[in-house]
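[1] build me a model from this:
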Amino acid sequence: MKANWLSTASKLCSRNGSDSARPSCQSHVRRAADPQDDLLDRLIDLTLAEARMRRPLDELADGAAKVASVALEVGYASEAVFSRSFKKIAGMSPAAWRARSLLAAKSV
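    Numbers count the residues shown, from 1 in each chain. Next comes the predicted model:
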């Protein structure tokens, strides 16, 4: 069954103009072949993203750092991409995180 999925996925990559040797197509082929591997890949990606956000969480909490500068410091090409990733991990925008952290610090 797995070999059948691999063959079908490779054919689909070729039909839609993707080179079946390209990493992006190979990724789709692997995901089609084994959904459990896809879940493991997603968990690893999420763990790495959470680890990457630890430093920005601390830097934004003190209120001195700008979101754009923190984004560049931790390796994001743009503030927009950083903000989307931050919101996915923290559940709120970087600006909202900073405001909440500052408010909590004042109330202590």
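[2] need the contact list for residue 65.
    Applying Cβ atoms under 8 Å, 6 or more residues apart in numbering, one finds that residue 65 lies in contact with residue 59. Where C-beta positions appear, they are placed from N, C-alpha and C, glycine not excepted.
[3] can you tell me what sits against stretch 73-80?
    Stretch 73-80 is contacted from outside by 52, 53, 55, 56, 59, 67, 68, 71, 82, 85, using Cβ under 8 Å, 6+ apart.
[4] repeat that with 7 Å
    52, 55, 56, 67, 68, 71, 82 (Cβ atoms under 7 Å, 6 or more residues apart in numbering).
[5] distance of the fifth one relative to residue 43?
    So that's residue 68. Plainly put, residue 68 is 30 Å away from residue 43 if you go by Cβ to Cβ, to the nearest Å.
[6] who's more crowded, those two?
    With other Cβ atoms under 10 Å as the criterion, residue 68 and residue 43 differ in neighbour count, and residue 68 comes out ahead with 15 against 10.
[7] please, which helix or strand holds the more buried one?
    Applying DSSP states H and E as the criterion places residue 68 in helix 67-73.
[8] looking only at pLDDT, what's the mean for that helix?
    Within the predicted structure, the mean pLDDT of helix 67-73 is 91.
[9] can you point out the buried residues in that helix?
    Applying a neighbour-count criterion of 16 or more other Cβ atoms under 10 Å, the buried positions in helix 67-73 are 67, 70, 71.
[10] could you do stretch 48-58 as well?
    Neighbour-count burial for stretch 48-58 flags 52, 53, 56, 57 (criterion: 16+ other Cβ under 10 Å).
[11] quick check: closest non-adjacent residue to the third one.
    For residue 56, ignoring the flanking residues on the chain, the nearest one in space by Cβ to Cβ, 6 or more residues apart in numbering is residue 70 at 4.9 Å.
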